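Asks: have a look at this prediction, sequence included:
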Amino acid sequence: MVLGDQLLAACAQDLALKGALTDSCRASPMHHLGLNSYRPGHGADIANNVDYAMSPHIDHAYFTVELQDTPGLQVQDEDGTWLSVPLVPDAVFVSLPDYLQRATNGVYRRATHRVGTVRAGRISIQYKHRPDYSTVVAPLAPCTSADTPARYAPFDTGTRYAALLQSLLNRYNR
Ligand SMILES: O=C(O)CCC(=O)C(=O)O
Ligand SMILES: [Fe+2]
């Protein structure tokens with residue numbers, strides 16, 4: 001959480017953003033800590049006939065901080081190429097999720113990512129730095145101007161996140 005706050009503050013300083021970005025995580029932030037465990041053959045277990053163990057997606061947060069015990073995480077390049085995130089001793093991997101792209105009007109780009117085929121057991125831990133439930137993320141003033149109008153409509157993070165979680169639950173309860 002401290003690292004997330006520091007990343008957010010660094011981003012706000014980089015783009016001369018006023019309080020809106022950092023304030024949105026102050027009162028009762030909905031940070032998320034996740035633990036994923038993939039078994040060998042995970043893809044086959046879930047009748048997956050594609051070459052990845054977690055499908056391509058973007059994260060709904062300002063920052064994601066991840067640790068993996070075995071390589072597997074892949075990030076998509078601008079030209080669509082999948083790049084493997086290497087294991088670096090004593091380092092965490094930080095990726096940029098959707099809300100940061102919206103708040104910065106696209107100056108910071110969100111990373112589409114997935115987990116490639118898992119051949120051995122694999123564990124990953126993700127920390128997602130998320131704002132208060134009531135936060136509506138919209139492009140912030142210093143990132144918009146007459147020449148660069150807002151590219152994104154205001155995005156209600158709380159209700160949209162609740163809907164996303166509900167849709168995941170519905171998928172697994174089928
Ligand atoms: O397991 C991984 O390395 C990635 C997990 C992930 O992208 C997520 O939980 O959002
Ligand atoms: Fe993710």
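Replies: Right, received. Where do you want to start? Ligands and ions are numbered 1, 2, ... in the order given.
Asks: residue boundaries of the strands in this structure?
Replies: Taking DSSP state E as the test, the strands found in the chain are 32-38, 52-57, 63-68, 73-76, 82-84, 93-95, 113-116, 122-129, 136-137, 155-156.
Asks: now do the contacts for the residue positioned nearest the centre of the chain.
Replies: Nearest to the geometric centre of the chain sits Asp59, at 2.8 Å (C-alpha atoms, centre = their mean). Contacts for Asp59 were tallied using C-beta atoms under 8 Å, 6 or more residues apart in numbering; they are Ser95, Pro97, Asp98, Arg110, His113, Gln126, Lys128. For glycine as for every other residue, the C-beta is placed from the backbone atoms N, C-alpha and C.
Asks: residue numbers of this structure in contact with ligand 1?
Replies: Selection of the chain residues close to ligand 1 by C-beta under 6 Å from any ligand atom yields Gly34, Asn36, Met54, Asp59, Glu66, Gln68, Gly72, Leu73, His113, Val115, Ser124, Gln126.
Asks: residue contacts, the fifth one?
Replies: Put plainly, it is Glu66. Glu66 sits next to Leu73, Val85, Val92, Phe93, Val94, Ser95, Ser124, Ile125, Gln126, Tyr127 when contact means C-beta under 8 Å, 6+ apart.
Asks: mind running it again at 7 Å?
Replies: Going by C-beta atoms under 7 Å, 6 or more residues apart in numbering, Glu66 touches Leu73, Val92, Phe93, Ser95, Ser124, Ile125, Gln126.
Asks: quick one: which two of those are the most distant?
Replies: Ser95 and Ile125 (13.6 Å; C-beta to C-beta).
Asks: of those two, who's got more company?
Replies: Using other C-beta atoms under 10 Å, the more surrounded residue of Ser95 and Ile125 is Ser95, with 21 against 14.
Asks: tell me the buried residues in the helix ranked longest in the chain?
Replies: For the chain, the helix with the greatest residue count under DSSP state H is helix 157-173. Using 16 or more other C-beta atoms under 10 Å as the test for burial, helix 157-173 gives Thr157, Tyr161.
Asks: quick one: average pLDDT of it?
Replies: Mean per-residue pLDDT for helix 157-173: 89.
Asks: what angle separates that helix from strand 32-38?
Replies: 20 degrees (axes from the mean of the first three to the mean of the last three C-alpha atoms, to 10 degrees).
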